[in-house]
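[1] pasted the sequence and its predicted model underneath.
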Amino acid sequence: MNAITHRHRTPIMLKEIHVAPERVEILLAREMDRLDQALARFRGNPPPLIFVAGRGTSDNAAVFGRYVFEHFAGIPVSGAALSLFTLYPAPMHLKGALAIGLSQSGESPDVVKAMRAARRAGAFTLAVTNTSGSSLTKDAHHTLLLHAQKERAVAATKTYLAELVAMVMICRAIGGKIAEAHVAALPDAIRAALNCDAAIRNLAPYFRYAASCLCLARGFNFSTAREIALKLQETCYLRAEGMSAADFLHGPIAMLDEMTPMLLFAPAGPTAKFMLAIARRLNKQGADVIAFTNQEQIARAATTGIYCPVKISEGLSPIPLSTLGQLFACHLAVERGLNPDAPRRLTKVTRTL
């Protein structure tokens, strides 16, 4: 399919981003009560550790989960080094832990193997997947289905947003201090981000010829920076990297040049003051700064601000901010004459051991 055809059809990826709110509503309606029952054992008796395992996009959702569980529930989180279950197997001391395996297909062999090992080691295992009856579900004590329906585009969008919501649901179910009303408002937070679609589509042509970019964030949105960098790699073939804005100042800032766009994911909240200072500093040094934010001051400080007036706590802000980043990756791919639905050399399910 040529570039002209790409620009005159609606990508499947874009359609899937736009159905995310209704899929999240279904996820909440169908799974919240079941999850509350399955994890009741941990309310008032929290696990000593939460163990999370995922690859690629699912690993980025796990990174978000770490911030959520540690902040709202006060429970330390360990991200699985999956090679320790496949290439260098060794006994793990996970008795009493909550082990969460994330895989949209439920068929990532290394995630499945890690969860089987966690169960043998005495952990309560929870599968988070979009595929009922998948390998991941068979050995899990409980399965949290994402209800995102089949995702036809290779780049995960609605399933990623559902995974983020799943992390919030799990945290609340084990006693994390997240208000029920805030969880119920998440579909509308995604809708607020989708209202910025036209502004993002109009922004994309300015970056058609970019060769690389950096995605920066702090705190909860570290996962967003990582995930949107991955989306830009997959769909736009950009040399994109997602990193902590704090780590960026500890060395990588030396490689800054005027030809490298800087994407900032900067919500209102505790990190806003730091991210505002970053936006001003980078702008002053000649960088092209694109800020995705619900904080007007940060939007004004950037070269270009995509301002999304959604009222949401910073801890839940990766859900709408990731939506903004997904829209940008999709529109930029089309602008570059690429097909965001079928990136070269990629398949929907990747199996690694």
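    The structure has been received and is ready for your questions.

[2] helices of the stretch 151-300 of the chain, start to end?
    Ranges of helices in the stretch 151-300 of the chain, per DSSP state H, counting those that start in this stretch, are 158-173, 180-184, 186-194, 197-203, 222-236, 245-248, 272-284, 296-301.

[3] least reliable of those helices going by mean pLDDT?
    With a mean of 87, helix 245-248 has the lowest mean pLDDT of these.

[4] for Gln326, which of the helices of the stretch 151-300 of the chain is the nearest?
    With CB to CB as the measure, helix 222-236 is the member of the helices of the stretch 151-300 of the chain nearest Gln326 (6.1 Å). For glycine as for every other residue, the C-beta is placed from the backbone atoms N, C-alpha and C.

[5] helices or strands up against that closest one?
    The contact analysis (3 or more CB pairs under 8 Å, 6 or more residues apart in numbering; DSSP states H and E) places helix 222-236 against helix 57-68, strand 212-217, strand 239-244, strand 262-265, helix 318-335.

[6] how distant is that helix from the center of its chain?
    9 Å (CA atoms, centre = their mean, to the nearest Å).

[7] dump it to CSV, restricted to CA.
    This file holds the C-alpha atoms of helix 222-236, laid out as CSV (Å, rounded to 0.1, in the frame of the first residue of the first chain):
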residue,chain,number,x,y,z
PHE,A,222,8.0,7.0,33.4
SER,A,223,6.0,4.1,32.0
THR,A,224,4.3,6.5,29.5
ALA,A,225,7.7,7.7,28.2
ARG,A,226,8.9,4.2,27.7
GLU,A,227,5.7,3.0,26.0
ILE,A,228,5.3,5.9,23.6
ALA,A,229,9.0,5.6,22.6
LEU,A,230,8.2,2.0,21.8
LYS,A,231,5.2,3.0,19.8
LEU,A,232,7.3,5.5,17.8
GLN,A,233,9.9,2.8,17.2
GLU,A,234,7.3,0.3,16.0
THR,A,235,5.1,2.5,13.8
CYS,A,236,7.3,5.4,12.7
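
[8] any low-confidence regions in the stretch 1-150 of the chain?
    Within the stretch 1-150 of the chain, the stretches with pLDDT under 70 are 1-8.

[9] domain parsing of this structure, as residue ranges.
    12-184, 190-335 (automatic domain parsing).

[10] reformat those domains as a markdown table; add mean neighbour count.
    Formatted as a markdown table, those follow (neighbours: other CB atoms under 10 Å):
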| stretch | mean neighbour count |
| --- | --- |
| domain 12-184 | 20 |
| domain 190-335 | 21 |
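
[11] Ala342: which of those domains is closest?
    domain 12-184 (5.9 Å).

[12] measure that closest one end to end?
    End-to-end distance of domain 12-184 (CA to CA, to the nearest Å): 27 Å.

[13] that one: how far from the chain's middle?
    12 Å.

[14] make 35 the first number, not 1, from now on.
    Noted, 35 is the first residue going forward, which turns the last one into domain 46-218.

[15] tabulate the domains of the chain (CSV), appending distance to Arg378.
    Shown next, in CSV, are these (distance: least, CB to CB, whole Å):
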stretch, distance to Arg378
domain 46-218, 10
domain 224-369, 8
